[in-house]
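1. can't give you the sequence, but here's the structure:
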């Protein structure tokens with residue numbers, strides 16, 4: 001899908017080009033530039049009878065790679081064989097671009113070069129060779145090479161590692177002071193009564209009698225001013241330090257552009273289907289919201305968050321999301337864990353340096369320009385939100401934040417939204433991409449270890465509830481269809497609905513969820529019980545005892561801190577599931593959960 005570049009995107013390019021223009025304007029028509037034209041013209045006139053002059057044509061983003069490598073590529077050996085060392089190539093740039101994400105440009109003459117060497121290659125260099133399986137294997141090296149624009153703007157970085165914004169900026173730099181096609185055609189018509197040749201990617205110049213013509217291209221060269229010589233791209237350390245700017249190949253200012261298919265949750269089972277959940281997730285993400293999945297334990301909240309994150313960071317997700325990080329909140333969390341703080345420098349520890357926290361580590365900055373990782377926080381309400389998130393409240397509302405920390409150079413650490421930052425990053429600036437999200441989970445059991453969330457925090461999230469299903473017990477109509485849906489997606493569990501272990505487990509599940517409203521457990525815990533039973537060596541001899549062990553291991557921990565847990569334990573203990581157990585379940589409940597039950 002073609003994504004619309006926003007106002008900020010183009011303003012950043014204009015600013016960069018204007019700064020470059022200010023730097024170049026005093027030398028634009030300097031003696032050096034004039035000498036470049038004279039040098040090329042003198043060579044052409046002196047060798048007029050020995051060489052040929054050709055026109056080579058390509059999209060302006062194709063010329064980015066050509067100028068960076070000081071080469072031109074030919075895809076036909078027949079054309080390649082016509083060009084010899086010493087020949088002159090005149091560069092014609094077209095309106096269209098190879099990458100549809102780039103804007104169309106004006107067509108014109110942007111430079112010339114002298115062929116210095118010929119060779120073949122077998123690796124991709126140009127954008128179209130990576131994306132469209134095109135190939136320009138026959139290479140013409142040029143030395144010297146001249147262009148009318150600014151060669152210093154072209155960075156020595158592979159075209160596929162350059163962001164859209166960087167490529168856009170470099171195409172504009174190449175087109176500085178270009179000769180419009182109207183002028184080139186006017187020169188050709190005046191001299192040989194024919195327009196400038198534009199058909200195909202390569203041709204010689206011809207007059208009205210279809211004879212080779214060198215006068216028209218020579219006149220074009222005379223009018224190519226200013227003309228800058230292309231040197232080897234200089235990416236030395238002192239230049240990088242001077243600019244203190246780093247480029248990113250992602251586009252932080254682009255909003256999410258996704259369509260989530262229901263299939264991402266195929267490994268999970270929801271009796272009513274997963275379409276409703278997927279629709280809610282997509283709607284929340286596309287509206288710019290972060291997400292908290294709520295519901296009883298074991299309903300698949302964490303797995304949903306993980307699968308959605310995998311999709312977004314995958315090949316069919318959003319191109320600007322690079323990965324995701326899964327972490328679990330704790331009551332000890334502070335802004336040191338999430339935002340960051342000073343830490344002793346590795347080595348002798350004599351200096352304190354800023355160390356970013358788990359949230360800042362997800363954002364791009366100068367040191368990690370190509371990073372945009374989603375953050376999945378499991379059990380987010382285990383953290384004291386105000387203590388743990390602090391300045392991030394402001395960040396989540398889309399505003400810039402200055403932190404009370406500095407880099408080693410004394411620059412203040414900043415967190416800025418993408419429309420405030422650019423794709424030219426600094427070490428002290430963390431940019432929050434438009435596509436970045438938090439996906440969190442929250443169990444709805446009220447436990448003393450959980451903190452309440454403030455309204456200020458909650459309004460920055462969309463809450464999506466993942467409920468427990470209506471359980472069909474073994475003696476109810478629809479039982480087999482109900483439990484078979486889960487058995488079909490649970491890996492490494494070889495049970496059928498009619499197996500006694502499955503019937504007893506479903507009975508326990510139903511008895512656990514029935515006595516107290518809002519105190520349910522989800523199917524993931526049922527799956528864990530069945531895994532335990534299936535792998536227990538004594539399950540066939542004493543299923544009741546093994547079932548009791550599983551309930552104590554997987555269900556009882558979920559009841560800690562639940563005020564009405566006594567009702568739930570009574571419901572479980574009095575079921576026929578444990579009729580053959582010598583040691584009553586009630587006794588274990590008394591010892592483990594401090595619940596006194598009548599014998």
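-> Nice, I can see it. Everything numeric in this text was worked out from a predicted model, so none of it was measured.
2. just give me the residue right at the centre of this structure.
-> In the chain, the residue lying closest to the centroid (C-alpha atoms, centre = their mean) is residue 321, at 1.7 Å.
3. got a list of what that residue touches?
-> Residues near residue 321 by C-beta atoms under 8 Å, 6 or more residues apart in numbering: 312-313, 372-374, 435-436. C-beta here means a position set from N, CA and C on the backbone, and glycine is covered the same way.
4. swap in 6 Å and give it another go.
-> Going by C-beta atoms under 6 Å, 6 or more residues apart in numbering, residue 321 touches 312-313, 372, 435.
5. restricted to helices, list the residues you listed.
-> 312-313 (DSSP state H).
6. list just the nearest of the contacts of residue 321 to residue 106.
-> Comparing those against residue 106 with C-beta to C-beta places residue 435 closest, at 32.1 Å.
7. count of residues packed around the closest one?
-> For residue 435, the neighbour count with other C-beta atoms under 10 Å is 25.
8. repeat for the one 4 residues further on
-> Applying other C-beta under 10 Å, we find 29 residues neighbouring residue 439.
9. so it, which state does it fall into?
-> Secondary structure, DSSP: H, G, I helix; E, B strand; the rest coil: residue 439 is strand.
10. just give the nearest non-adjacent residue to it, would you?
-> Leaving out its chain neighbours, the residue that sits closest to residue 439 by C-beta to C-beta, 6 or more residues apart in numbering is residue 305, at 4.2 Å.
11. name the residues of the helix or strand hosting the one you found that are buried.
-> Using DSSP states H and E, residue 305 sits in helix 301-313. The neighbour-count check on helix 301-313 (16 or more other C-beta atoms under 10 Å) flags 301-309, 311-313 as buried.
12. same thing with stretch 71-91?
-> 71-74, 79-80, 83, 87-91.
13. narrow the residues you listed to those in helices?
-> Among these, DSSP H puts 79-80 in helices.
14. residues in contact with stretch 399-414?
-> 354, 391, 394-395, 415-416, 420, 427-429.
15. stretch 382-396 too?
-> 329-331, 333-335, 338-339, 401, 415, 451, 453, 457, 460.
16. could you dump the buried residues of helix 301-313 to CSV with pLDDT and distance to residue 191?
-> Listed next are these as CSV, based on pLDDT from 0 to 100; distance: C-beta to C-beta, whole Å:
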residue, pLDDT, distance to residue 191
301, 95, 75
302, 96, 74
303, 95, 73
304, 96, 70
305, 97, 69
306, 96, 68
307, 95, 67
308, 96, 64
309, 95, 63
311, 94, 60
312, 94, 58
313, 93, 58
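17. looking at the residues you listed, which is nearest residue 148?
-> Nearest to residue 148 among these: residue 313, at 41.8 Å, using C-beta to C-beta.
18. reformat the contacts of residue 321 as a markdown table; add distance to residue 153.
-> As requested, the contacts of residue 321 are exported to a markdown table (distance: C-beta to C-beta, whole Å):
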| residue | distance to residue 153 |
| --- | --- |
| 312 | 33 |
| 313 | 32 |
| 372 | 25 |
| 435 | 27 |
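19. so which of the contacts of residue 321 comes closest to residue 563?
-> For the contacts of residue 321, the nearest to residue 563 is residue 312 (38.7 Å; C-beta to C-beta).
20. do I have it right that the closest one meets residue 318?
-> Yes. Look at residue 312 against residue 318 with C-beta atoms under 6 Å: they come within range, at 5.5 Å.
21. the residue nearest to residue 103 when sequence neighbours are not counted: which element?
-> The shortest distance from residue 103 to any non-neighbouring residue, by C-beta to C-beta, 6+ apart, is to residue 168 (6.8 Å). Assigned by DSSP H and E, residue 168 belongs to helix 164-174.
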